[in-house]
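A.B. asks: Could you work out the structure for the sequence below:
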Amino acid sequence: MNLKWKDIDMSSAAFIALGSNSTLEGLSSLDLLKQAILEIQGPNLHLQAISRFYKNPAYPIGFGPDFVNAVVQVCTHENAQNVLQV
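C.D. replies: Numbering: from 1, shown residues only. Have a look, this model is predicted:
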């Protein structure tokens, strides 16, 4: 096998947790998360998978609106600090 460095995929999986219990300009928490997921892209950041959306009560219960949470998996060549800048 004649393997060269340029042939090796050095990308890594990164997992990004998302959550909201806010509304903005008529968008619900769920809508805000969906919009955020659509915007998680870049030349070195590729969306691979999206978890289910989970509804969780604020703590203490009744303290605020329920949260909506999800996790996305991306494939990237970037380090963690650069991924957080997206």
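A.B. asks: Work out the gap between stretch 55-62 and the centre of the chain.
C.D. replies: 21 Å (CA atoms, centre = their mean, to the nearest Å).
A.B. asks: in that stretch, what's buried?
C.D. replies: Within stretch 55-62, no residue is scored as buried using 16 or more other CB atoms under 10 Å. In short, each C-beta sits where N, CA and C put it, glycine included.
A.B. asks: Quick one: end-to-end distance for it.
C.D. replies: For stretch 55-62, the first-to-last residue distance is 14 Å (CA to CA, to the nearest Å).
A.B. asks: three-state assignment of residue 16?
C.D. replies: strand (DSSP: H, G, I helix; E, B strand; the rest coil).
A.B. asks: and it, how far is that from residue 57?
C.D. replies: 23 Å (CB to CB, to the nearest Å).
A.B. asks: now what about the one helix or strand residue 75 maps to, what contacts it?
C.D. replies: Taking DSSP states H and E as the definition, one finds residue 75 inside strand 67-76. Contact partners of strand 67-76, identified using CB atoms under 8 Å, 6 or more residues apart in numbering, comprise 11-21, 28-30, 33, 37, 40, 44-58, 83.
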